[in-house]
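Colleague: Sequence isn't available, so here's the structure alone:
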């Protein structure tokens, strides 16, 4: 199986592509010639991880018939001091709001995602430390 | 140095966040409960890499006073057969259009990005094979 994208330089430091029919742009910070046309590319790595594991967890909790009102995945990423600066650690906070939420099932869903389902986590684990915690209400 | 994002579950399988003030959404494929609200999260990994190295190359070529008309970065990524399916290889095609483009300077710019500047590449190299080629005109 393969994935493929064609990323086009637009002007200045900005690039755009289409993924699954959706346009995504990136741009540099203003101090590096950016013109405010999109986010920086590196933090997209955090969204790839949060989206991937978040969808797993929603899908597993749906199957377990666990209902929640709100669910956020916060990603705190630490960069190396040395160049090229890259993420040396990502810490995930899985944050739920809802009534009578079952911690054991939520823990199970997250463990399944981190150990068996999430392909982004599987890649990142080879490159950096991945840790997580759960917060309910 | 740290980067941080807060990724909110919206509904179904979709999540959104803000990076540098820009809203980014992700959603699952329809067959996995997606409702067409954004791209899948995993391919964002390809855009992070293309944007990161693309900006390096533009910046270095600007300093070398190399002008080009068009510049694309194509990313072909191969997924593992085993679960969780994750990228085992990304191949980049740096594609330029322009008059009298100096291959040696373009090669130098790309090598500098891949070896010294691009933090996304630095991470991914620990997790998968990264290869590239250059196409001019």
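Modeller: Perfect, I can see it now. Everything numeric here is computed off the predicted structure, so don't read it as measured data. Numbering: from 1, shown residues only, chains lettered A, B, ... in the order given.

Colleague: So, low pLDDT: which residues of chain A?
Modeller: In the predicted model of chain A, no residue satisfies pLDDT under 70.

Colleague: Scan chain A for its longest helix.
Modeller: helix A:44-63 (DSSP state H).

Colleague: Helix or strand next in line after it, which one?
Modeller: strand A:70-79 (DSSP states H and E).

Colleague: right, is that following strand up against chain B?
Modeller: Yes - with Cβ under 8 Å from any Cβ of the partner chain as the measure, strand A:70-79 is seen reaching chain B through A:70-79. Every residue, glycine included, has its C-beta placed from N, CA and C.

Colleague: So which bits of the longest helix of chain A are buried?
Modeller: A:44-61 (16 or more other Cβ atoms under 10 Å in any protein chain shown).

Colleague: domains of chain A?
Modeller: Domain segmentation of chain A under automatic domain parsing yields A:1-39, A:41-136.

Colleague: where's the shortest one relative to the chain centroid, distance-wise?
Modeller: The one in question is domain A:1-39. 18 Å (Cα atoms, centre = their mean, to the nearest Å).

Colleague: That domain: end-to-end distance?
Modeller: One end of domain A:1-39 sits 28 Å from the other (Cα to Cα, to the nearest Å).

Colleague: quick one, what contacts residue A:88?
Modeller: For residue A:88, the contacting residues are A:78-80, A:128-129, by Cβ atoms under 8 Å, 6 or more residues apart in numbering or on different chains.

Colleague: looking at these, which has the most residues close by?
Modeller: Using other Cβ atoms under 10 Å in any protein chain shown as the neighbour criterion, residue A:128 leads the contacts of residue A:88 with 19 neighbours.

Colleague: Now do the contacts for that residue.
Modeller: Contacts of residue A:128 by Cβ under 8 Å, 6+ apart are A:87-90, B:123, B:126.

Colleague: separation between it and residue A:52?
Modeller: 15 Å (Cβ to Cβ, to the nearest Å).

Colleague: and the longest helix of chain A, how far out from the chain's middle?
Modeller: From the chain centre to the centre of helix A:44-63 is a distance of 8 Å (Cα atoms, centre = their mean).

Colleague: Contact partners for residue A:2?
Modeller: Shown in contact with residue A:2 (Cβ under 8 Å, 6+ apart): B:76-79.

Colleague: check those residues against chain A, which are close?
Modeller: B:76-79.

Colleague: Identify, from the residues you listed, the entry nearest to residue B:12.
Modeller: Residue B:12 lies nearest to residue B:79 out of these, by Cβ to Cβ, at 23.9 Å.

Colleague: Look up how far residue A:105 lies from residue A:65.
Modeller: Counting by Cβ to Cβ, the separation of residue A:65 from residue A:105 is 9 Å.

Colleague: what's the answer for residue A:42, then?
Modeller: 34 Å.

Colleague: Compare these two and say which is more crowded by neighbours.
Modeller: Legend: neighbour count by other Cβ under 10 Å for residue A:42 and residue A:105, higher for residue A:42 (24 against 14).

Colleague: Residue A:22: how many residues sit nearby?
Modeller: Residue A:22 has 17 neighbours, counted by other Cβ under 10 Å.

Colleague: Can you pull the phi and psi angles for it?
Modeller: Reported as degrees, to the nearest 10, the phi and psi values for residue A:22 are phi -110, psi 130.

Colleague: That one touches residue B:41, doesn't it?
Modeller: No - in this structure residue A:22 lies outside contact range of residue B:41 using Cβ atoms under 8 Å: 11.7 Å.
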